[in-house]
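[1] pasting the sequence and the predicted model now:
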Amino acid sequence: MAFPFVSVIGQSSQSITIQGRVLDKENGSPLVSAHVYISQTKVGTATDRNGEFSFTTKMSGEKTLVVSFLGFKTNAKLIDLDEEKTPLTFVFEMEPNQFDLDQVNVSTSNKEWLNNFGKFRRYFIGDDALAQQTSIENPWSISFETDKNDNLVATASQPLIVKNDALGYEIEIDLVNFTLYKNEDASAYTYYSSFTEMSPEKNSDINSWNTNRERAYKGSFEHFLISLYNDNLRVNDFEVVYLGSFDPFTINEFIKTTPEENITNEQGVKVYRLEDPVDVLYGDRNNNFHQRERSRITPLTEVGVFIVTEDGKLKNPKSLRLDGVWASHLIANLLPIEYYKN
């Protein structure tokens, strides 16, 4: 189902066909019904009885093509949708997974697992109003352990099925890694995601999803990045300020001064440099100045460079740390790339 507020960004002038085969690496046999998708979107398909797949998209730029199949390691490949050669053809050889696929005994007697799952849910799904309407349908697939620094590490034996009744999406999430740091109120994780529109049970569901998606998007980190990319922060009610203040600060595009500073030649991205943490305010300036939402971004690389795509994503996700309001916007606030409002 399509909703009136949805539009596709970064579109090509023509449809691009993505095709190929998915095989078992050990014996070369085709894998039937493997899920092949472009991460963070609603675009994808399943392989046929010959392990073959084919679908089209009008998206452009670099995207991540993901193959997921139960019992095998998730396979991901960065692809360029702006290549002149079409169709784009790929062969994925899948390696068997070493996970023990026995289900975890999820019960009130498994106190340690339940305690760890509560922490995982808080730092992966979130704990805001949207998170209260978001559930993990197969929690038994998650296992927990601690690393040498006593941090909590989560792994999943199969893709997580996340149902978001507030936003109207079912999300298949291939969890690459998840770490909850013991001595910090923070987690770090990497994943691939595929979105499917939920079918409304009643007409009011559509209106509710419209409203919640709008709220989830406005003021989000993705909204900020898109606004930064398009140089319209002020128009979209964002203001970057010095740490803990209300004094304006400007995030400048990175300008290389030597050939060695060539960060990327990719089209459709912009490079910025931030040497110290700054705060980002969001909200109508006509309201109480001190009541705007405040978030914080902290550079994590030595040179402070971060790369922004036109669809509001960080090309190098580990380049920035988010605190404040944005730190609470987790999977429950997640929207597909197709959702875009300038």
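    Great, that's in hand. Residues are numbered from 1 along each chain as shown.
[2] ramachandran coordinates for N50?
    phi -100, psi 10 (degrees, to the nearest 10).
[3] per-residue pLDDT of it, please?
    pLDDT, the model's per-residue confidence, is 98 for N50.
[4] wait, it touches R21, no?
    Yes. N50 lies in contact with R21 (CB atoms under 8 Å); the separation is 7.3 Å. From N, CA and C alone the C-beta is placed, and that goes for glycine too.
[5] worst-scoring helix or strand of the chain, pLDDT-wise?
    The weakest-scoring helix or strand in the chain, judged by mean pLDDT, DSSP states H and E, is strand 11-24 (a mean of 85).
[6] which element follows that strand toward the C-terminus?
    strand 35-38 (DSSP states H and E).
[7] quick one: that next one to chain centroid distance?
    Relative to its parent chain, strand 35-38 has a centroid offset of 15 Å by CA atoms, centre = their mean, to the nearest Å.
[8] partners of it, with directions?
    Here strand 35-38 is paired, per DSSP bridges, with strand 44-46 (antiparallel), strand 62-68 (antiparallel).
[9] buried deepest among those, which one?
    strand 62-68 (a mean of 21; mean count of other CB atoms under 10 Å).
[10] list phi and psi for the residue nearest the centre of the chain.
    Geometric centre of the chain, nearest residue: Q40, 5.7 Å, by CA atoms, centre = their mean. Main-chain dihedrals, Q40, degrees, to the nearest 10: phi 70, psi 20.
[11] how close does it get to L320?
    17 Å (CB to CB, to the nearest Å).
[12] could I get the full set of strands for the stretch 101-250 of the chain?
    134-136, 142-146, 152-156, 160-164, 169-180, 187-197, 238-242 (DSSP state E, counting those that start in this stretch).
[13] buried sites along the least confident helix or strand of the chain?
    Residues of strand 11-24 classed as buried by neighbour count (16 or more other CB atoms under 10 Å): 16, 18-24.
[14] any stretches of the stretch 101-250 of the chain with poor pLDDT?
    101-109 (pLDDT under 70).
[15] residues near the closest residue to D48 other than its chain neighbours, how many?
    Spatial nearest neighbour of D48, chain neighbours left out: V32 (7.1 Å); criterion: CB to CB, 6 or more residues apart in numbering. V32: 14 surrounding residues under other CB atoms under 10 Å.
[16] got it, and L243?
    L243, neighbours per other CB under 10 Å, totals 12.
[17] am I right that it is in contact with I297?
    No. Applying CB under 8 Å as the test, L243 and I297 come out as separate, 10.3 Å apart.
[18] so F92 belongs to a strand, correct?
    Yes. Under DSSP: H, G, I helix; E, B strand; the rest coil, F92 sits within a strand.
[19] ok so, going back, so how far is I125 from the residue nearest to D48?
    From V32 to I125 the distance is 31 Å (CB to CB).
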